[in-house]
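Enquirer: Pasting a predicted model and its sequence here:
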Amino acid sequence: MKQLLSILMLLNVCVLYAQSPKVEMRGVWITSIFSLDWPQIPHKNAADIEQQKADFEQILDKLKAANFNVVFLQARLRGDVIYPSRFEPQATSIASKNTTSHYDPLSFAIEKCHERGLECHAWLVTYPLGRDAFSMTGQKTKDFVKQHKNEIYLDPGNPKTNKYLLHLVSEIVVKYDIDGIHLDYIRYPDRSFPDNSTFQQYGNGANKADWRTENINQFVYQLYDQVKAQKPWVQVSSSVIGKYDHRIEPGRHYMTAVDVGQDPEDWLKKGKHDFIVPMMYNRGNLFFPYVDDWQHRSHGRPIVVGLAAYNLDHREGNWTLHDLTAQIDDIRRHKMGGHVFYRLKYLTNNTKGIMNKLVNDYYPSPSLLSPMLWLDAISPLPPQEVGGVQEGNFLKLSWEAVRQPNRKKVFYNIYCSHTFPVDTSNAANLLATRVEGSAVLVPIDSSIERGDYYAVTSYDRYHNESEPSAPVFFVTGRFEK
């Protein structure tokens with residue numbers, strides 16, 4: 001019943017939506033560091049924990065109602081984490097010092113995302129450890145860190161760094177039902193990073209810039225292979241510098257991915273990422289040409305564009321709403337994999353009306369995620385024995401659960417159409433996505449005489465969708481039928 005009620009709050013009645021893409025990632029970064037997005041205060045007692053939980057569920061309800069489909073939750077901040085870990089301390093933005101409880105924020109977050117059909121990806125800051133790293137990680141990292149401009153970083157050129165980070169990622173993948181590992185700051189801070197001693201020890205005569213790039217490449221390869229060996233459906237992605245190199249505007253001075261040792265095109269070309277998220281936080285000529293450039297570097301994997309919702313704030317870029325929506329329009333014209341907003345606060349605050357605009361014009365219906373055909377191209381079987389019965393002001397749709405040997409969890413998508421057959425390629429017919437369980441309640445208006453066809457598809461963790469079930473026809477109204 002809990003599953004039915006959670007879906008009930010989020011489904012709309014079968015209405016004709018404006019057209020939007022059926023397949024599109026709509027994501028948001030939820031920042032944990034400095035209590036920027038969630039939680040607002042660290043917990044020190046049971047009441048605080050309940051408040052953290054309530055606040056997070058309220059966030060998710062807003063995102064689901066607006067037809068988002070992915071949450072990138074900051075799980076590792078600066079050498080500290082939001083969950084109980086064997087390797088790093090819990091962040092003080094989550095729990096006050098010396099507080100003990102059985103509450104696991106990451107486990108809770110994943111559960112509540114899944115109840116609403118949202119994917120939850122663990123966002124991990126990779127190399128920076130902040131200013132207080134030694135007090136947090138202590139003896140564990142002292143042999144493979146460098147101090148740079150009053151900050152402490154894991155040294156990407158030291159093999160111990162890779163081993164340490166791989167342990168951290170493995171802990172999450174094995175312990176949690178996570179949908180993705182999302183790496184942030186997977187780069188050198190700048191060219192002046194003080195790693196000469198590491199280069200002398202491990203460089204083997206290579207060009208230093210090439211050696212740095214290869215250090216990060218090797219970590220990416222190892223991480224991807226490790227994740228896929230443990231849970232192949234868990235997605236691996238990274239947020240990267242928004243400009244790959246200087247070829248488009250060679251005369252301008254700005255940081256590119258190549259400048260700081262990132263080569264995300266290599267990761268995609270060699271099949272070591274499931275998607276990437278270029279952080280394209282500029283507008284005009286510093287945005288539009290680069291969308292086309294990234295598209296040409298995709299090698300058949302999704303490019304999901306990071307968008308700067310924070311620039312709507314008058315204290316930041318003071319952009320107009322059109323500045324941002326024009327970027328969504330361009331992303332869709334290029335048929336990219338979708339977009340992710342940085343960060344949550346500016347959406348939930350409806351800065352310059354952004355949330356209203358998304359709900360009314362850009363996300364009128366739900367969307368699915370790009371199928372990961374490079375991992376699994378076999379669609380699940382369609383649901384059978386779909387039936388519908390009226391329960392008060394709701395239509396209860398139910399079906400026989402799909403069970404397939406050697407396959408992980410199967411979810412369901414619900415479609416509604418005024419016409420037969422139900423066209424599941426039409427995004428306007430998509431009513432609900434990633435439903436768990438084998439029943440759902442759809443609100444109906446019995447005061448209106450109308451008939452609708454409902455169909456259900458299966459949907460797996462690789463984002464493969466089945467053929468639709470045989471449709472169910474249901475008529476509302478107070479008239480004799």
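Expert: Received it, and whenever you're ready, just let me know what you need.

Enquirer: Look at Asn413 and give its secondary structure.
Expert: strand (DSSP: H, G, I helix; E, B strand; the rest coil).

Enquirer: Return the per-residue confidence for it.
Expert: Here, the pLDDT recorded for Asn413 equals 98.

Enquirer: Run a quick check on it versus Val440, I expect a contact.
Expert: No - assessed by Cβ atoms under 8 Å, Asn413 is found out of contact with Val440, at 10.4 Å. To be clear about C-beta, it is placed using only N, CA and C from the backbone, and glycine gets the same treatment.

Enquirer: overlap in contacts of those two?
Expert: Residues within reach of Asn413 and of Val440 at once, by Cβ atoms under 8 Å, 6 or more residues apart in numbering, are Ala432.

Enquirer: So the closest residue to His246 other than its chain neighbours, which state does it fall into?
Expert: Spatial nearest neighbour of His246, excluding adjacent residues (Cβ to Cβ, 6 or more residues apart in numbering): Thr256 at 5.9 Å. Under three-state DSSP, Thr256 falls in the coil class.

Enquirer: who's in contact with Thr256?
Expert: Contacts of Thr256 by Cβ under 8 Å, 6+ apart are Ile241, Lys243, Tyr244, Asp245, His246.

Enquirer: 10 Å instead?
Expert: Thr256 makes contact with Val240, Ile241, Gly242, Lys243, Tyr244, Asp245, His246, Arg247, Ile248, Gln262, Tyr290, according to Cβ atoms under 10 Å, 6 or more residues apart in numbering.

Enquirer: Regarding the last one, what is its secondary structure?
Expert: Per three-state DSSP, the secondary structure class of Tyr290 is helix.

Enquirer: cool, and the fourth one?
Expert: Under the three-state scheme (three-state DSSP), Lys243 adopts coil.

Enquirer: Without its sequence neighbours, what residue ends up closest to it?
Expert: Nearest to Lys243 is Thr256, by Cβ to Cβ, 6+ apart, at 4.7 Å.

Enquirer: how close does the one you found get to Lys269?
Expert: 18 Å (Cβ to Cβ, to the nearest Å).

Enquirer: Between the two ends of stretch 29-44, how far is it?
Expert: 25 Å (Cα to Cα, to the nearest Å).

Enquirer: likewise stretch 422-433?
Expert: Across stretch 422-433, first to last residue, Cα to Cα, it's 16 Å.

Enquirer: list the contacts for the residue nearest to Ser367 when sequence neighbours are not counted?
Expert: Excluding the flanking residues, the one nearest Ser367 by Cβ to Cβ, 6+ apart is Glu24, at 4.4 Å. Going by Cβ under 10 Å, 6+ apart, Glu24 touches 67, 69, 302, 304, 328, 331-332, 335-339, 362-363, 366-370, 427.

Enquirer: and if you look at Pro232?
Expert: Here Pro232 is in contact with Met372, Leu375, Asp376, Lys408, Arg461, Tyr462 (Cβ under 10 Å, 6+ apart).

Enquirer: ok, the fourth one - how many residues close by?
Expert: Just to be clear, that refers to Lys408. Neighbourhood size, Lys408 [other Cβ atoms under 10 Å]: 12.
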